[in-house]
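J.: no FASTA, just this:
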Ligand code: SF4
């Protein structure tokens, strides 16, 4: 079975105010045991002969904040898997301020093909409002290190809708990003997740969120500018030069099998979703004791799987391909979702032809709301 492999490194030098990923600031005694456990779990995955790893994505957290010797051990194990299975893409996330030449060479020498840099903004005040550790000039330095080290692909992440951001500062960030020569760009709208410090600041009135109209116009500004400079939008938040789409994320959006390794990582294989325990110390304890690190498991029925597949495919600009959907799920999308499709076509949020159902540009602005209507609860199973 082909699968994407995701490895979660849950450590960062500082916690960003908007972040709701499982990550924390480690002390120096924590990284070694964590990497030992990651290597042990990876060896189990590698021994599972039924899985053929097609892509690798190491994220977090900040993988490049690991001490060099720990990063080296993790990369050696992943490099072996990449060589054995001839993976087609091997991505590592790197944050400015943590990527130096030594770490870049460790990645490159173990087969990493693609580096994804969390730039987020090129405006010093905006970066500060996000609690990022880096300054704008460190993004350029990271890009230069990536270029010199010779990775095949290089992506940058940007955020729009940051408090205080204007169309002018957003345009500067977009142009600065393109000026560094990436072949892929991800542009996410800032979200205020309950439980994060930024959410609390919003609640206390210490920050003002961008209003919906401004956020929509920043998104459209980004789409128009990136099209002008030769980047195709292929997913709600992702843009690439021809041939540079992220293959790992495409597997995910097509609801293909993915294996997650590390604390809080999620696997999705044969309709069953498993989540590793979201606690690094408990994760290490379980792996050391040769116990399963899985703390949650859910097996989806056929209709619920079809609903999720529809929702994920809608994230892609080409949308739901009727034939591919039928092959993947056994259902025709019009039979399952006829009413929902007609309703959203009538309001201009979806478009369809005989073989394809996709979000319109306006639909992409409210994608979460539209996609939620495609989730089929288990209670409707068989009904
Ligand atoms: S660097 Fe990324 S993972 Fe780490 S705290 Fe910031 S947003 Fe979260």
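T.: Sure, I can see it. Nothing here was measured: the structure is a model prediction, and the numbers come from that model.

J.: residue numbers of the stretch 51-200 of the chain in contact with the ligand?
T.: Neighbours of the ligand within the stretch 51-200 of the chain, by CB under 6 Å from any ligand atom: 60, 61, 62, 95, 118. C-beta: built from backbone N, CA, C; applies to glycine.

J.: now for those residues, which pair is the farthest apart?
T.: Farthest-apart pair in those is 61 and 118; separation 10.7 Å (CB to CB).

J.: joint contacts of the two?
T.: Counting by CB atoms under 8 Å, 6 or more residues apart in numbering, the contacts common to residue 61 and residue 118 are residue 93.

J.: ok, whatever residue of the stretch 151-300 of the chain ends up closest to the ligand to residue 237 distance?
T.: Nearest to the ligand, among the residues of the stretch 151-300 of the chain, is residue 157, at 9.1 Å (CB to the nearest ligand atom). Look at residue 157 and residue 237: by CB to CB, to the nearest Å, they are 9 Å apart.

J.: find residues that contact each of the two.
T.: Shared contacts of residue 157 and residue 237, defined by CB under 8 Å, 6+ apart, comprise 186, 187, 188.

J.: now restrict those to buried residues only.
T.: Among the shared contacts of residue 157 and residue 237, those classed as buried by neighbour count (16 or more other CB atoms under 10 Å) are 186, 187.

J.: just the closest of the shared contacts of residue 157 and residue 237 to residue 45, please.
T.: Residue 45 has its nearest neighbour among these in residue 186, at 26.2 Å by CB to CB.

J.: wait, that closest one sits on residue 158?
T.: Yes. Taking contacts as CB atoms under 8 Å, residue 186 lies within contact range of residue 158: 7.2 Å.

J.: domains for this structure, by residue range?
T.: Using automatic domain parsing, the domain ranges for the chain come out as 2-252, 303-380.

J.: could you dump these to CSV with mean pLDDT?
T.: Listed next are the domains of the chain as CSV, based on pLDDT from 0 to 100:
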stretch, mean pLDDT
domain 2-252, 96
domain 303-380, 90
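
J.: residue 295 is nearest to which of the ones you listed?
T.: Residue 295 lies closest to domain 2-252 among the domains of the chain, at 11.8 Å (CB to CB).

J.: quick one: the strands in the stretch 151-300 of the chain?
T.: In order along the chain, the stretch 151-300 of the chain carries the following strands (DSSP state E, counting those that start in this stretch): 153-160, 184-189, 232-235, 238-240, 258-261, 266-269, 272-276, 294-299.

J.: the longest one to strand 184-189, inter-axis angle?
T.: This points to strand 153-160. Put simply, strand 153-160 runs at 20 degrees to strand 184-189, going by axes from the mean of the first three to the mean of the last three CA atoms, to 10 degrees.

J.: in three-state terms, label the residue in the stretch 101-250 of the chain that the ligand sits nearest to for me.
T.: Residue of the stretch 101-250 of the chain nearest the ligand, by CB to the nearest ligand atom: residue 118 (5.8 Å). For residue 118, the assignment made with DSSP: H, G, I helix; E, B strand; the rest coil gives strand.

J.: what sits closest to residue 76 if chain neighbours are left out?
T.: Nearest non-adjacent residue to residue 76, counting by CB to CB, 6 or more residues apart in numbering: residue 110, 6.3 Å away.

J.: correction: the previous question concerned residue 325.
T.: Using CB to CB, 6+ apart and skipping residues adjacent in sequence, the residue nearest residue 325 is residue 333, 5.1 Å away.

J.: got the contact list for the one you found?
T.: 310, 320, 322, 325, 326, 341, 357.

J.: please apply the same query to residue 68.
T.: 102, 103, 106.

J.: between the residues you listed, which sits nearest residue 15?
T.: Lowest distance from residue 15 to the contacts of residue 68 (CB to CB) belongs to residue 103, with 20.9 Å.

J.: residues in contact with the strand or helix carrying that closest one?
T.: Assigned by DSSP states H and E, residue 103 falls within helix 101-109. For helix 101-109, the surrounding residues in contact (CB under 8 Å, 6+ apart) are 64, 68, 71-72, 75, 79, 92, 94, 115, 145-146, 148-151.

J.: burial count for residue 344?
T.: 23 (other CB atoms under 10 Å).

J.: my guess is it contacts residue 350. True?
T.: Yes. Under the criterion of CB under 8 Å, residue 344 makes contact with residue 350 at 4.0 Å.

J.: between those two, which contacts overlap?
T.: Applying CB under 8 Å, 6+ apart, one finds that residue 344 and residue 350 are jointly contacted by 363, 370.

J.: ok, what's across the strand from residue 59?
T.: residue 8 (DSSP bridges).

J.: likewise for residue 235?
T.: residue 238, residue 316.

J.: report the central residue of the protein.
T.: residue 249 (6.9 Å; CA atoms, centre = their mean).

J.: that one and residue 235 touch, don't they?
T.: Yes. Assessed by CB under 8 Å, residue 249 is found in contact with residue 235 at 7.3 Å.

J.: which residues do these two both contact?
T.: Counting by CB under 8 Å, 6+ apart, no residue touches both residue 249 and residue 235.

J.: I'd guessed residue 164 sits against residue 129; true?
T.: Yes. Counting by CB under 8 Å, residue 129 is a contact partner of residue 164 at 6.4 Å.

J.: okay, these two: which has more neighbours?
T.: Between residue 164 and residue 129, counted using other CB under 10 Å, the more crowded position is residue 129 (20 against 12).

J.: all good on my end, thank you.
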